[in-house]
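Novice: Just the structure for this:
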Amino acid sequence: MQARRLLFVAPRRVEMAPVDVPEPGPGQLLVRTVRSGISPGTELLCYRGLLDPDLPLDETIGSLGGSFSYPFPYGYSCVGEVERSTGAVGVGSLVFAFHPHQDLFVVSESDVVELPERTDARTATLFPLVETGLQLSLDAGPVAHERVVVLGLGPVGILTALLLQRAGAVVLAADPLVERRELALSLDIPAAAPEELPSRVPAPGVPLVVEVSGAPAALAGALSLLAHEGVALVGSWYGRQQVPLPLGGAFHRRRLTIRSSQVSTIPAALAGRWDVAHRRRVVTALLGELPLTALVTTELPFDDAFRAYELLDRREPGVLHVALRYP
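Specialist: Alright, predicted model coming up:
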């Protein structure tokens with residue numbers, strides 16, 4: 001069988017290319033894609049050429065072998081129907097798959113999540129971003145009645161803010177784009193422009209700032225918002241971009257902490273209560289509970305994927321999350 005897949009071929013260049021698809025082996029599925037989602041974080045770094053070409057794509061996902069050396073396929077948010085199965089997931093099932101953008105593919109059952117009936121395929125492309133937001137909320141620790149600042153109101157920022165609120169946090173979010181702040185406010189997330197934060201954050205600061213803007217300069221500003229022994233939890237992946245930080249007297253004397261969060265693994269502190277399978281079951285339930293339709297702002301045909309990346313790259317007004325539609 002032959003399929004079509006998306007390849008990153010150079011900075012700010014993507015192309016369609018044919019690829020052979022094998023028959024599914026034991027424990028594998030043949031999936032025909034209905035929708036796929038574009039990650040506004042890692043995929044934009046791929047598109048802009050801001051990742052180390054020798055870095056492995058993702059060792060935890062079976063379909064993502066190789067490195068970020070052009071040309072390479074990438075993506076991890078496909079929603080499709082099972083056409084053939086050699087495992088427990090039945091033919092005709094709607095599944096979410098951690099797989100690059102491709103119209104027909106074979107995947108291990110371990111890299112898919114079976115979705116409930118009547119799940120909207122378009123909003124289901126947000127699955128990995130909901131999972132990222134959930135992991136960030138778990139890494140934040142107990143936040144009930146605590147003030148938390150979330151920097152960045154892309155899809156992950158909004159989802160993280162919503163999940164922190166569900167955990168009891170008093171959230172204030174920030175983004176330089178007015179329309180993103182307005183969207184957050186429509187979802188009952190208090191939002192401000194970044195330059196307003198010093199006057200909106202009461203002394204002596206907040207115990208936690210979650211940085212998910214993807215902007216290297218944002219983390220430096222976050223440190224001044226923290227209270228004594230406060231934590232900056234970084235969900236952004238900056239790639240090869242330099243991140244200058246003011247680590248002088250204030251950082252040193254206030255015992256501040258900068259900590260990363262990453263969704264590929266479960267942190268040791270949570271391993272006794274959480275594993276990846278449990279986290280994905282929770283995410284599947286959240287697909288029906290969170291206001292996801294407000295986030296999937298744009299849908300384009302698979303053949304127009306190049307335009308989707310252009311829209312996200314220039315932060316086109318009204319474009320927050322793009323889903324690709326397959327014929």
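Novice: residue ranges for the helices of this structure, please.
Specialist: For the chain, the helices defined by DSSP state H cover 42-48, 121-124, 127-139, 155-166, 178-186, 197-200, 216-223, 249-253, 276-286, 305-313.
Novice: how about stretch 198-216: buried residues?
Specialist: Residues 201, 205-216 are the ones in stretch 198-216 that count as buried (16 or more other CB atoms under 10 Å). Every residue, glycine included, has its C-beta placed from N, CA and C.
Novice: Now, those that are in strands?
Specialist: Val206, Pro207, Leu208, Val209, Val210, Glu211 (DSSP state E).
Novice: which pair in the residues you listed spans the largest distance?
Specialist: Pro207 and Glu211 (14.5 Å; CB to CB).
Novice: burial measure for Arg280, as a count.
Specialist: Burial of Arg280 is recorded as 18 neighbouring residues (other CB atoms under 10 Å).
Novice: what residues are up against Pro11?
Specialist: Pro11 makes contact with Tyr47, Arg48, Gly49, according to CB atoms under 8 Å, 6 or more residues apart in numbering.
Novice: In PyMOL, how would I select just the buried ones from the residues you listed?
Specialist: Selection of the buried residues among those in PyMOL, burial being defined by 16+ other CB under 10 Å:
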select buried, resi 47+49
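Novice: Nearest to His99, out of the helices of the chain?
Specialist: helix 127-139 (11.1 Å).
Novice: which residues touch the closest one?
Specialist: Residues external to helix 127-139 that are found in contact with it (CB under 8 Å, 6+ apart): 37, 39, 76-77, 79, 96, 98, 113, 143, 155-156, 159-160, 162-164, 166-167, 210, 212, 233, 235, 259, 261-263, 267, 270, 274, 279-280, 282-284, 286-287, 290, 292, 321.
Novice: Counting neighbours, what do you get for Arg279?
Specialist: Arg279 is flanked by 17 other residues according to other CB under 10 Å.
Novice: Please tell me how far it sits from Arg273.
Specialist: Using CB to CB, to the nearest Å, Arg279 is found at 10 Å from Arg273.
Novice: go on, Phe98?
Specialist: 23 Å.
Novice: Those two: which is more packed in?
Specialist: Phe98 (22 against 9).
Novice: list the contacts for the more buried one?
Specialist: Remark: with contacts taken as CB under 8 Å, 6+ apart, Phe98 is in contact with Ile61, Gly62, Ser63, Leu64, Tyr76, Ser77, Cys78, Val107, Asp111, Val112, Pro128.
Novice: Repeat that for Pro198.
Specialist: The neighbours of Pro198, taking CB under 8 Å, 6+ apart as the test, are Ser224, Leu225.
Novice: per-residue confidence at it?
Specialist: pLDDT for Pro198: 94.
Novice: Likewise for Gly87?
Specialist: Gly87 is assigned 87 on the pLDDT scale.
Novice: Tyr74 versus the nearest residue to it once chain neighbours are set aside, what's the distance?
Specialist: Of all residues not flanking Gly87 in the chain, Glu109 sits nearest, at 4.5 Å (CB to CB, 6 or more residues apart in numbering). Distance of Glu109 to Tyr74, computed by CB to CB: 22 Å.
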